[in-house]
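**Student:** test case, fold it:
(4 chains)
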Protein chains: 2
Amino acid sequence: MSKEMNDASHWREFEKNPLSHSMAHYLMAIDSLRTEFGYARATDVAETLEVSRGAASMALAQLKKRGWVGEDHNRFLLLTEEGERIANLVEHNYLILSKFFEVVLGVEKDTALGDACKMEHLMSMETGQRLLWLMKYLLSDEKPAVKVRECMEEYNGGCGPQDQEECPICGSSGECLAESDTTQT
Amino acid sequence: MSKEMNDASHWREFEKNPLSHSMAHYLMAIDSLRTEFGYARATDVAETLEVSRGAASMALAQLKKRGWVGEDHNRFLLLTEEGERIANLVEHNYLILSKFFEVVLGVEKDTALGDACKMEHLMSMETGQRLLWLMKYLLSDEKPAVKVRECMEEYNGGCGPQDQEECPICGSSGECLAESDTTQT
DNA sequence: CACGATAGTTAAGCTTGCTATACACGGAGC
DNA sequence: GCTCCGTGTATAGCAAGCTTAACTATCGTG
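**Tutor:** Next comes the predicted model:
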């Protein structure tokens, strides 16, 4: 199991994600402030994210340097075209993931939102788009979609429909972790 | 959009994830070394992960302190019960996510594996279990499942079946980011 | 105009996570 | 005894984030 994972130091690419979790939230804070109030100042961002003004100032300087944040003629904060694209991407990823977890999978709301928030900035655009496509279908009124939703409602904590002998994931049958407790959120 | 996200400093919980990306890989390295060779030494772990022996030694000390790693009667590395559960959880999450992305969604392989590797340690057990349940169904021979797979094959880069007027995700219709380019991996 | 409030910046310092280099210890084998 | 190997430890470094505190700039008001 897990051969391809340890092949090399592929695993280190995690750190090299172009966008950190916190940077993503700075971008989204600007976006949401602007849509809500029409403008965004550093102090507002700091307040929204509950960090000090200094922290916000420095983070925003970073984002300006990367070309994702600019300024109004009034010196209000502004997302550049690229910044906006990134913010939208992450926001959509969040929406897609949280809905998917909560509505399609039926995960408990807090858990669903928590998971989505942690993963939002790590999902590639391609994956997000395709997941969206899948969800649009699964949430439609098409008969197969309804059937799948019914199936999900029968979930009772097990690891999968027990009438199958082979686990399509692991390849073989056998222990499909059905423990109950966890250290993860 | 994205109101619940900025409600409070929920977003900071990302940092408090009980398990860091690299710690997860240390655990999995031990696991895979033991299943492959029957034992695991700090040096082997270092080699597997391509880090210095010193780094491995200190990371392992951390993991021992947390009670996830112990030692053989021969002083070989050993996962404790809890350590093993965590390692298995992350490994399964990886398998589930990568298969889901690649096989169900049809995402390009490298992207699928990359996304999965980044998110593996962040997905809660509940979400993972339910996703597994969904996948087992979607990969089965049931008619609705086959139909869904067919639907996914028609994906062509758009944002969703165009015959729908309302986006079930965003709530409203309108621009459903269909840009082509991205800064994410 | 002066004063005080508000906004933004900057500097110093801390924590965390992760890493590297270099050296010290202990056991196995020649 | 000496040497190699596996291991652990000490020290150092870096990057991301954060805080506090001090400083500057700006603006409205009495």
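**Student:** in chain A, which residue is most central in space?
**Tutor:** In chain A, the centroid-proximal residue (Cα atoms, centre = their mean) is residue A:120; its distance is 1.7 Å.
**Student:** quick one: contacts for that residue?
**Tutor:** Neighbour list for residue A:120: A:24, A:90-91, A:93-94, A:97 [criterion: Cβ atoms under 8 Å, 6 or more residues apart in numbering or on different chains]. Yep, even glycine has a C-beta here, placed from its N, CA and C like the rest.
**Student:** just give me the neighbour total for residue A:37.
**Tutor:** For residue A:37, the neighbour count with other Cβ atoms under 10 Å in any protein chain shown is 11.
**Student:** for residue A:44, see how far away it is.
**Tutor:** 8 Å (Cβ to Cβ, to the nearest Å).
**Student:** can you list the residues of chain A near DNA strand C?
**Tutor:** A:12, A:41-44, A:53-54, A:57-58, A:60-61, A:75 (Cβ under 7 Å from any atom of the strand).
**Student:** okay, these in a markdown table with pLDDT next?
**Tutor:** Output for the residues of chain A next to DNA strand C, formatted as a markdown table (pLDDT from 0 to 100):
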| residue | pLDDT |
| --- | --- |
| A:12 | 85 |
| A:41 | 95 |
| A:42 | 95 |
| A:43 | 96 |
| A:44 | 95 |
| A:53 | 96 |
| A:54 | 95 |
| A:57 | 96 |
| A:58 | 95 |
| A:60 | 96 |
| A:61 | 95 |
| A:75 | 89 |
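**Student:** how near is residue A:95 to DNA strand D?
**Tutor:** Computed as Cβ to the nearest atom of the strand, to the nearest Å, the residue A:95 to DNA strand D distance reads 22 Å.
**Student:** over to residue A:155?
**Tutor:** Counting by Cβ to the nearest atom of the strand, the gap from residue A:155 to DNA strand D is 35 Å.
**Student:** I'd say that residue and residue B:130 touch.
**Tutor:** Yes. Here residue A:155 reaches residue B:130: they are 5.8 Å apart, a contact under Cβ atoms under 8 Å.
**Student:** looking at these two, which is more packed in?
**Tutor:** Just comparing residue A:155 and residue B:130: by other Cβ under 10 Å the higher neighbour count belongs to residue B:130, 24 against 20.
**Student:** my read: the more buried one touches residue A:106, true?
**Tutor:** Yes. If you go by Cβ under 8 Å, residue B:130 and residue A:106 touch, sitting 6.3 Å apart.
**Student:** now list whatever residues contact both of those two.
**Tutor:** A:152, A:155.
**Student:** neighbours around the residue nearest to residue A:43 when sequence neighbours are not counted, how many?
**Tutor:** The shortest distance from residue A:43 to any non-neighbouring residue, by Cβ to Cβ, 6 or more residues apart in numbering or on different chains, is to residue A:53 (5.7 Å). By the criterion of other Cβ under 10 Å, residue A:53 has 13 neighbours.
**Student:** who touches residue A:53 in this structure?
**Tutor:** Contacts of residue A:53 (Cβ under 8 Å, 6+ apart): A:42-43, A:46.
**Student:** emit the ChimeraX select command for whichever of those are buried.
**Tutor:** A single ChimeraX command is used to select the members of these judged buried by 16 or more other Cβ atoms under 10 Å in any protein chain shown:
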select /A:42,46
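**Student:** export the contacts of residue A:53 to JSON lines and tack on distance to residue A:71 and secondary structure?
**Tutor:** Output for these, formatted as JSON lines (distance: Cβ to Cβ, whole Å; DSSP: H, G, I helix; E, B strand; the rest coil):
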{"residue": "A:42", "distance to residue A:71": "10", "secondary structure": "helix"}
{"residue": "A:43", "distance to residue A:71": "14", "secondary structure": "helix"}
{"residue": "A:46", "distance to residue A:71": "16", "secondary structure": "helix"}
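**Student:** a markdown table for the contacts of residue A:53, including distance to DNA strand D?
**Tutor:** Converted to a markdown table, the contacts of residue A:53 look like this (distance: Cβ to the nearest atom of the strand, whole Å):
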| residue | distance to DNA strand D |
| --- | --- |
| A:42 | 12 |
| A:43 | 11 |
| A:46 | 8 |
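**Student:** between the contacts of residue A:53, which is nearest chain B?
**Tutor:** Using Cβ to the nearest Cβ, residue A:46 is the member of the contacts of residue A:53 that lies nearest chain B, at 11.4 Å.
**Student:** now the closest one: how far from residue A:93?
**Tutor:** Going from residue A:46 to residue A:93 by Cβ to Cβ gives 24 Å.
**Student:** so what does the one helix or strand residue A:133 maps to touch, helix or strand wise?
**Tutor:** Here residue A:133 sits within helix A:125-138, counting by DSSP states H and E. Where contact means 3 or more Cβ pairs under 8 Å, 6 or more residues apart in numbering or on different chains; DSSP states H and E, helix A:125-138 is packed against helix A:81-99, helix A:143-153, helix B:109-119, helix B:143-153.
**Student:** turn those into CSV, including mean pLDDT and mean neighbour count.
**Tutor:** Formatted as CSV, those follow (pLDDT from 0 to 100; neighbours: other Cβ atoms under 10 Å in any protein chain shown):
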stretch, mean pLDDT, mean neighbour count
helix A:81-99, 94, 21
helix A:143-153, 91, 16
helix B:109-119, 93, 21
helix B:143-153, 91, 16
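**Student:** now chain A against DNA strand C: closest residue?
**Tutor:** residue A:54 (2.7 Å; Cβ to the nearest atom of the strand).
**Student:** now the element after the lowest-mean-pLDDT helix or strand in chain A, going C-ward?
**Tutor:** Every helix and strand in chain A was compared by mean pLDDT, DSSP states H and E; the lowest is helix A:3-6, with a mean of 45. Elements were assigned by DSSP H and E; along the chain past helix A:3-6, the next helix or strand is helix A:21-37.
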